[in-house]
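Student: Using only what follows, build the 3D model:
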Amino acid sequence: MRIKKQDLITTLENQKEELKQLGRTLFDCPEVGFRETKTAGLLLSFFQQHKIPCQEGLSLTGVRADIGNSGGSGYHIGLAADMDALYVGTGNEKHAIHSCGHSIQTAVLAFAVKLIKESGLLDETGGSLSFFATPAEEFIDLEYRKSLIKTGKIRFCSGKQNMIADGVFDGLDCILSVHVNGEKETRFDVGSSLTGFVKKRITFTGRTAHSGALIHEGRNAMHGATLFLSALSFLKEQFHPADGIRISPVITSCGGSLNAVPEQAVLETYVRANTLSSLKNACHLLDQCVCHCALALGLSGTVENENGYMPFQQSEPLTAVIYQNMLSFCPDDKIIKKPVSGASGDIGDLGYLLPAIQFGFSGIRGRIHSDDFIIADEENVYTNVARIILGTVYDLLTQPELQVRTPGYESRKHTYMTEWLGI
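Tutor: The predicted structure follows:
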């Protein structure tokens with residue numbers, strides 16, 4: 001190879017201030033899901049400035065950029081970044097902030113495309129590289145998203161889910177992604193798992209009656225909710241810790257007044273689990289719990305399901321390549337291996353379809369998802385993360401034995417579309 005990996009690293013070192021400035025600009029432009037219009041504009045301007053072909057309007061606000069031998073037989077790598085922010089605060093004090101660090105991954109992966117293009121590496125290898133800025137990873141603001149679905153502007157509440165359904169990721173061989181972590185003593189993590197989740201709305205319906213004179217004629221829906229919460233606390237003991245199951249219901253509505261037996265009680269919860277099979281089992285057991293608690297008290301109980309994100313299990317071959325690139329400049333004791341996280345992300349949906357990784361990096365101060373989130377170590381979150389991505393892309397393009405693919409993509413996508421998205 002005429003182009004060496006060190007050439008990419010040297011170019012990055014020479015241009016790292018431009019990368020950091022792009023990161024600062026994106027961090028100062030926080031927009032929540034499906035409202036990321038200014039962020040999309042900044043990315044389009046960046047790619048157009050560097051003469052990189054790009055598209056806009058994917059899943060409403062998403063952006064795609066492509067370089068290399070697109071549509072050819074060479075290895076096709078995707079770089080997937082989340083572009084949305086979060087709301088913090090309450091009521092009128094609520095405001096958007098990049099408190100999950102999505103601006104970082106967007107800046108790093110977009111800049112990596114620029115550096116790879118300038119290097120000429122794709123001309124030598126015949127490969128291709130695509131960048132995706134995906135909207136609405138955070139599963140929030142659901143009333144607004146459902147209004148967009150109702151008017152036909154989107155089909156699903158997640159950016160990646162819409163883009164999968166629209167065929168945006170078809171033709172890729174693998175996906176690389178990154179995400180900030182809250183670690184203080186280490187620099188990176190590899191091979192972490194993310195939980196999948198299903199959102200459930202549980203309704204107990206009884207019969208109202210005067211709560212003094214005719215209480216015996218009523219059927220108290222709150223009793224059903226209370227019995228269910230007690231039964232669920234016992235049921236949780238049956239879940240193996242390795243399954244990572246998390247169920248924490250809240251009562252969101254209760255009908256009736258002080259002098260009447262409440263006829264309806266509504267609870268909502270996520271059911272989270274580390275694997276698809278354990279998630280399905282936990283959902284089944286919870287549904288059974290609702291049914292039998294309702295029957296025991298002469299109530300009716302219903303469960304409405306809304307699939308969220310699939311569990312994420314990272315590609316081990318890709319993780320090995322990432323890890324070796326970390327070791328080129330980071331001590332082994334500063335890298336966490338295979339942490340188990342209770343968080344979720346729509347990268348899990350992509351990971352079901354394609355070999356995918358999402359390694360973690362430190363360098364922030366404060367708490368993730370809070371208004372005290374601060375980028376404290378720009379060198380690690382920008383320069384070092386970009387170095388790992390560039391090294392990994394280089395290795396995958398120049399060493400065919402490292403290239404991983406998943407056969408049967410169309411079949412897996414069909415199963416995903418029908419069984420998870422419900423199309």
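
Student: List of residues touching stretch 397-413?
Tutor: Residues outside stretch 397-413 that contact it (Cβ atoms under 8 Å, 6 or more residues apart in numbering) are 1, 74-75, 77, 121-122, 125, 127, 164, 170, 173-174, 315, 317-318, 321, 352-355, 395-396. Where C-beta positions appear, they are placed from N, C-alpha and C, glycine not excepted.

Student: Just the buried positions in that stretch, please.
Tutor: In terms of neighbour count (16 or more other Cβ atoms under 10 Å), stretch 397-413 has its buried residues at 397-398, 402-404, 409, 413.

Student: Now, the residues you listed that are in strands?
Tutor: Of the positions in the buried residues of stretch 397-413, not one sits in strands, assigned by DSSP state E.

Student: wait, which of these is closest to residue 92?
Tutor: Comparing the buried residues of stretch 397-413 against residue 92 with Cβ to Cβ picks out residue 413 as the nearest, at 43.3 Å.

Student: Which pLDDT value belongs to the closest one?
Tutor: Looking at residue 413, its pLDDT is 97.

Student: likewise residue 70?
Tutor: In the predicted model, residue 70 carries a pLDDT score of 66.

Student: what's next to stretch 327-343, contact-wise?
Tutor: Stretch 327-343 is touched from outside by 183, 185-195, 244, 246, 272, 274, 323, 326, 360, 384, 387, 391, with contacts defined as Cβ under 8 Å, 6+ apart.

Student: Produce a ChimeraX select command limited to the buried residues of those residues.
Tutor: Here is the ChimeraX command that picks out the buried ones among the contacts of stretch 327-343, judged by 16+ other Cβ under 10 Å:
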select :183,186,187,188,189,190,191,192,193,194,195,244,246,272,274,323,326,360,384,387,391
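
Student: re the thing from before, and the contacts of stretch 397-413, which are buried?
Tutor: Of all these considered here, the ones buried according to neighbour count by 16+ other Cβ under 10 Å are 74-75, 77, 121-122, 125, 127, 164, 173-174, 315, 318, 321, 352-355, 395-396.

Student: quick one: the nearest residue to residue 2 once chain neighbours are set aside and residue 405, what's the gap?
Tutor: Excluding the flanking residues, the one nearest residue 2 by Cβ to Cβ, 6 or more residues apart in numbering is residue 124, at 6.4 Å. In this structure, residue 124 and residue 405 are separated by 21 Å, where distance is defined by Cβ to Cβ, to the nearest Å.

Student: Of the buried ones among the contacts of stretch 397-413, which belong to helices?
Tutor: If you go by DSSP state H, the buried ones among the contacts of stretch 397-413 have 121-122, 125, 164, 318, 321, 352-353, 395-396 in helices.

Student: For those residues, work out which two are farthest apart.
Tutor: Using Cβ to Cβ, these span at most 29.3 Å, a distance reached by 121 and 352.

Student: ok, now which ones touch the residue nearest to residue 158 when sequence neighbours are not counted?
Tutor: Take residue 158 and drop its neighbours on the chain: the residue closest to it by Cβ to Cβ, 6+ apart is residue 346, 4.5 Å away. Contact partners of residue 346, counting by Cβ under 8 Å, 6+ apart, are 134, 137, 158-161, 309.

Student: Mind pulling up the pLDDT for residue 346?
Tutor: You'll see residue 346 listed with a pLDDT of 97.

Student: Need phi/psi at it.
Tutor: Note on residue 346: backbone dihedrals following degrees, to the nearest 10 are phi -80, psi 0.

Student: Now pLDDT and distance to residue 113 too, for the ones in helices among the buried ones among the contacts of stretch 397-413, in CSV please.
Tutor: Converted to CSV, those look like this (pLDDT from 0 to 100; distance: Cβ to Cβ, whole Å):
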residue, pLDDT, distance to residue 113
121, 96, 11
122, 96, 10
125, 95, 15
164, 98, 21
318, 98, 18
321, 98, 19
352, 96, 25
353, 97, 22
395, 98, 17
396, 98, 15
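
Student: Let me know the closest of these to residue 83.
Tutor: Minimum distance to residue 83 across these is 16.3 Å, recorded for residue 164 (Cβ to Cβ).

Student: I figured residue 112 hits residue 391, correct?
Tutor: No - no contact is recorded between residue 112 and residue 391 when judged using Cβ atoms under 8 Å, the distance being 10.4 Å.

Student: Number of residues surrounding the closest residue to residue 192 other than its chain neighbours?
Tutor: Nearest residue to residue 192 in three dimensions, chain neighbours excluded: residue 339, at 4.6 Å (Cβ to Cβ, 6+ apart). Using other Cβ atoms under 10 Å as the criterion, residue 339 is surrounded by 14 other residues.

Student: per-residue pLDDT, residue 94?
Tutor: The confidence metric pLDDT takes the value 84 at residue 94.

Student: My error: substitute residue 53 in the last question.
Tutor: Listed pLDDT for residue 53 reads 97.

Student: now it: how far from residue 77?
Tutor: Look at residue 53 and residue 77: by Cβ to Cβ, they are 16 Å apart.
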